[in-house]
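Colleague: I would like the atomic coordinates for the input below:
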Amino acid sequence: MGNAAQLPKINNNPVLEGYYADPEILYSNKTKKYYIYPTSDGFDGWSGYYFKTFSSDNLTDWKDEGIIIDLKKDVKWANRNAWAPCIVEKKIKGKYKYFYYFTAAQKIGVASSDNPTGPFTDSGKALVSTRPEGIKGGQEIDPDVFTDPKTGKSYLYWGNGYMAVAELNDDMISIKEGSTKVIKVDNTFREGTYVIYRKGTYYFLWSEDDTRSPNYKVRYGTSKSPLGPIEIPKNNIVIQGISDQGIYATGHNSILKIPNKDEWYITYHRFSYPTGIKMGDAGGFHREVCMDKLEFNTDGSIKQVVPTHSGISNIK
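Modeller: Next up is the predicted model:
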């Protein structure tokens, strides 16, 4: 038999089997499980039209919970380009509710449910369908929702080519009138805003370049407020590919904090390994979801993540 050292190393990346991208990760206080909400990938030109979710109790074994929204059946205002969702759990009048924000036909919608796996009911109309004032280009895509632990207010971020933010009303399915603003970022900003809070600092993460580019990567800046302004450190790459490992186009992340611990994980997508890099542009819609540990330096800066094939070991 030989000793344990000869056992093959287990690769936990990708964490989901098949083509998925733009992963949003959630820990549910209601079910005590973890969930990933991705874009369904492998469709030419990002033409997918449904969303699924996957559940886990250890971050390495993921169960397909099936389709939670089919645009063609469940949404009357859009039926194409189901992309880049996000979700928030909120306790309202003592009950957990889930609000799921998603991109459809380059607009942003919202659906709600009493459970992280659905069924989800669409609000009936797009929440964001036009560009913020003064913005000439880009797309109304890539929602992120963040609840400020200091105030309890929830904010919706979105945009490709610009970073927009608006305060959500208490119903979580409408935007507070007059609260939309554009946050200034540098020219590395493309899309995929994601906001976290740690030890008094708000961290803004975003993706640079194009999801079809092998150089797609994640950068970050910090702020004293969920509305900016953002300060951008000199070395601000959070994660980028490693060509000699065959890892390319690591981007569009979300971040998981383990409850009651200063322990963090980044979920992101990359070109499918090993074939994606050989596909040309199509590598950008044949992506897979991965997870690695996210760590901070003592000064609060983010340590650059080295993407791996091994991924993370399961957590108890």
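Colleague: Spit out the contact partners of Ile87.
Modeller: The contact partners of Ile87, taken as C-beta atoms under 8 Å, 6 or more residues apart in numbering, are 24, 26, 35, 37, 98-101, 116, 145. For every residue, glycine as well, the C-beta is placed using N, CA and C.
Colleague: Quick one, which of those residues are buried?
Modeller: Buried subset of those (neighbour count, 16 or more other C-beta atoms under 10 Å): 24, 26, 35, 37, 98-101, 116, 145.
Colleague: Any stretches of the stretch 1-150 of the chain with poor pLDDT?
Modeller: Within the stretch 1-150 of the chain, the stretches with pLDDT under 70 are 1-9.
Colleague: repeat that for 50
Modeller: Applying pLDDT under 50 to the stretch 1-150 of the chain flags the ranges 1.
Colleague: Where do the strands of it begin and end?
Modeller: For the stretch 1-150 of the chain, the strands defined by DSSP state E, counting those that start in this stretch cover 20-28, 33-40, 50-56, 63-70, 83-92, 95-104, 107-113, 121-122, 144-147.
Colleague: nearest to Ile135, of those strands?
Modeller: Shortest distance between Ile135 and these, using C-beta to C-beta, is found for strand 107-113: 14.6 Å.
Colleague: measure stretch 35-49 end to end?
Modeller: One end of stretch 35-49 sits 20 Å from the other (C-alpha to C-alpha, to the nearest Å).
Colleague: do stretch 210-229 as well
Modeller: Using C-alpha to C-alpha, the span of stretch 210-229 from its first residue to its last is 25 Å.
Colleague: cool, stretch 130-146 as well?
Modeller: 21 Å.
Colleague: So which bits of that stretch are buried?
Modeller: By neighbour count on 16+ other C-beta under 10 Å, the buried set for stretch 130-146 is 131-132, 138-146.
Colleague: Would you convert the residues you listed into CSV that also reports distance to Asn169?
Modeller: Shown next, in CSV, are these (distance: C-beta to C-beta, whole Å):
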residue, distance to Asn169
Arg131, 21
Pro132, 18
Gly138, 25
Gln139, 24
Glu140, 19
Ile141, 22
Asp142, 21
Pro143, 15
Asp144, 17
Val145, 13
Phe146, 15
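Colleague: quick one: which of those is nearest Met291?
Modeller: Using C-beta to C-beta, the buried residues of stretch 130-146 come closest to Met291 at Asp144, 17.8 Å.
Colleague: give me the number of residues near the residue lying closest to that closest one once chain neighbours are set aside?
Modeller: Spatially, and ignoring its direct neighbours in sequence, Asp144 is nearest to Tyr157 (4.4 Å; C-beta to C-beta, 6 or more residues apart in numbering). When neighbours are counted by other C-beta atoms under 10 Å, Tyr157 registers 23.
Colleague: Check the gap between Tyr157 and Thr193 for me.
Modeller: Going from Tyr157 to Thr193 by C-beta to C-beta, to the nearest Å gives 4 Å.
Colleague: go on, Gly246?
Modeller: 28 Å.
Colleague: From Ala282, how far out is Tyr273?
Modeller: For Tyr273, the distance to Ala282 - C-beta to C-beta - is 15 Å.
Colleague: same question but for Arg198, I mixed them up
Modeller: Taking C-beta to C-beta, one finds Arg198 at 37 Å from Ala282.
Colleague: what do you get for Tyr98?
Modeller: From Tyr98 across to Ala282, the span is 33 Å (C-beta to C-beta).
Colleague: Kindly report the same for Ile266.
Modeller: Ile266 sits 25 Å away from Ala282, going by C-beta to C-beta.
Colleague: likewise Val305?
Modeller: Using C-beta to C-beta, one obtains 26 Å as the distance from Val305 to Ala282.
Colleague: More neighbours: which of Gly246 and Thr193?
Modeller: Per other C-beta under 10 Å, whichever of Gly246 and Thr193 has more neighbours is Thr193, with 24 against 15.
Colleague: What residues sit buried inside the helix or strand containing the more buried one?
Modeller: Per DSSP states H and E: Thr193 is located in strand 191-198. Residues of strand 191-198 classed as buried by neighbour count (16+ other C-beta under 10 Å): 191-198.
Colleague: cool, and stretch 20-31?
Modeller: Within stretch 20-31, judged by 16+ other C-beta under 10 Å, the buried ones are 20-28.
Colleague: again, but for stretch 279-299
Modeller: With burial defined by 16+ other C-beta under 10 Å, the residues of stretch 279-299 counted as buried are 283-292, 294.
Colleague: Which of the residues you listed fall in strands?
Modeller: Under the assignment DSSP state E, the buried residues of stretch 279-299 contribute 287-292, 294 to strands.
Colleague: Between the residues you listed, which sits nearest Thr53?
Modeller: Comparing those against Thr53 with C-beta to C-beta picks out Val289 as the nearest, at 12.1 Å.
Colleague: and that closest one, what does it touch?
Modeller: Shown in contact with Val289 (C-beta under 8 Å, 6+ apart): 14-16, 20-21, 23, 36, 38, 267-269.
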